[in-house]
Structure formats: structure tokens, C-alpha cells
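Peer 1: show me the folded form of this:
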Amino acid sequence: MVYLKDALSDDISLTFDDVGDSLTFDGDLVADKFIGEITVVLGSDENYVTDVEKTIITNTSGSNTGDQNLSGKENVGIASGLLSTHTTSHPVPTTRDARNEIAKGSNDNYVTDVEKTIITNTLPITYSTITSDMLLTDNIPAGYALTSILFEETVGNNITINIGSTNGGTEILYNETLTASSSKLFIFNRFFSSSTTQTIDINSSDWNSASLNITIKLSPVTV
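Peer 2: Alright, predicted model coming up:
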């Protein structure tokens, strides 16, 4: 319920007498007996709001203009355990979705299955305390090249090293000397096959009680 005095403009003179007395409007008698309340019928776009509501409306553009000021605001992440409490109306994403992606921190990165395979296959392959011939069956995946091999002799004995693609083979590396307690890096960049895995054999004609730490690196090749 609103009062008539609230619905009239400021330049109209309206006099209210006490309830039960007369109501005058610009000096003319409007009603002999004023009953206290008058209902004003509101039309389209005629609505009353409080001062607080008016301030909110004034400060709201009503369109996506980019005028929102977020300075001083802190990004709110998802607290631990809250994901499990989501309702069915707000389900937890089960696939990678840019609209629902959780903010990532250091070392938090998504990769595809193909990328994950590449990362796995290009990590250094290490072997420790090798004292005899070592046949690495299907060690090199299809589509990868043998990039390098690092040998480290750890007990103080000289050794000559061979590498082949079969047991006892020498066609990749032949009769290379590694002196006692030294390291030597061999760069190969040798590609074998785009469709089948490859075996390599590390061997010596005389191990001479040497002990080797071996690091093998591979790299993907686009053919």
C-alpha cells in the first residue's frame, strides 16, 4: 500500500488533514472525509525501491561491459574435500573442460596420452653396477632413435665396450676404451624402425672386473 503524497511530483501542493477530516489538493476539496490510505495503481516500469536497492541499480550497468573492478579481490580456489560434496546439479568434471578446469599450481599440467608416452620414452633409462654383457630386449620403442649412451666406470678398472643390435653385436659401437674411474658420452642419433621395437646389446670382450653405470637417452622421430 502506498500513499498518494508519495506518488505525486514535488510541484503539486497536497494537504493532508488528520484522518477523518477533509483532503484538499491544490486548494480544492478532494474528499470530505479522508480515510487515511489511498492505493495508487502502478503501470509498466513504475516500481518502488528502497534507497539501498536504488544504489545497487545505479551501480549495476546491466550489460557485460567489462566495468567490474576486481582489484584487491583474491582468487578463490576449491578447498580440499569440497569436490566430493558437489550435488548432481553441480557435478564434478570427469573430463578436461576449460569451463570447469581447476586452477593449476607448479608442476600441475595436463598432457594427452600421446604426450605422456613421449615423456615416458624420453626419460633417461639408467642401469647401475653392470659387470657383464647386458642384452636389452625391445628396449627402443618403434619410432624412436637411440640418442646417446653415457658410461661411467666406478671401481677403477679399464674396459673396452661394444654395442650391437643383436646378442654380441658390435655394429653400433666397437672396441671403445673406457679408462678406470672415468666417464664417456657417446652420441648416436641412430634410428632403427618406425614400426617395430629394437633390441640393443652392451658387451665387452674383457670386462676386467669393471663396473659400469649406464644412462641411455632416446628421442621420438617423425618419419
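Peer 1: these two touch, right, Ser132 and Ser209?
Peer 2: No - between Ser132 and Ser209 there is no contact under C-beta atoms under 8 Å: 10.6 Å. Yep, even glycine has a C-beta here, placed from its N, CA and C like the rest.
Peer 1: so the closest residue to Thr199 other than its chain neighbours is in which element?
Peer 2: With C-beta to C-beta, 6 or more residues apart in numbering as the criterion, Thr199 has its nearest non-adjacent residue at 4.9 Å, and that residue is Thr137. Assessed by DSSP states H and E, Thr137 sits inside strand 134-140.
Peer 1: returning to what we had before: distance of the residue nearest to Thr199 from Asn121?
Peer 2: 16 Å (C-beta to C-beta, to the nearest Å).
Peer 1: neighbour count: these two, which is higher?
Peer 2: Asn121 (15 against 10; other C-beta atoms under 10 Å).
Peer 1: one step back: tilt between the helix or strand just after the strand holding Thr137 and strand 134-140?
Peer 2: Downstream of strand 134-140, the first helix or strand assigned by DSSP H and E is strand 144-153. Strand 144-153 runs at 150 degrees relative to strand 134-140, counting by axes from the mean of the first three to the mean of the last three C-alpha atoms, to 10 degrees.
Peer 1: the next helix or strand after strand 144-153 packs against which elements?
Peer 2: The helix or strand immediately downstream of strand 144-153 is strand 159-164, counting by DSSP H and E. Judged by 3 or more C-beta pairs under 8 Å, 6 or more residues apart in numbering; DSSP states H and E, strand 159-164 is in contact with strand 144-153, strand 173-178, strand 198-203.
Peer 1: tell me the angle of the longest one relative to strand 198-203?
Peer 2: This points to strand 144-153. 20 degrees.
Peer 1: show me the contacts for the nearest residue to Ser205 once chain neighbours are set aside.
Peer 2: In space, and not counting its chain neighbours, Ser205 is closest to Thr160: 6.3 Å by C-beta to C-beta, 6+ apart. Thr160 makes contact with Asn175, Glu176, Thr177, Leu178, Ser204, Ser205, Asp206, according to C-beta atoms under 8 Å, 6 or more residues apart in numbering.
Peer 1: if we use 10 Å, what do you get?
Peer 2: Tyr174, Asn175, Glu176, Thr177, Leu178, Asn203, Ser204, Ser205, Asp206, Trp207, Asn208, Ala210 (C-beta atoms under 10 Å, 6 or more residues apart in numbering).
Peer 1: kind regards, and thank you for your time.
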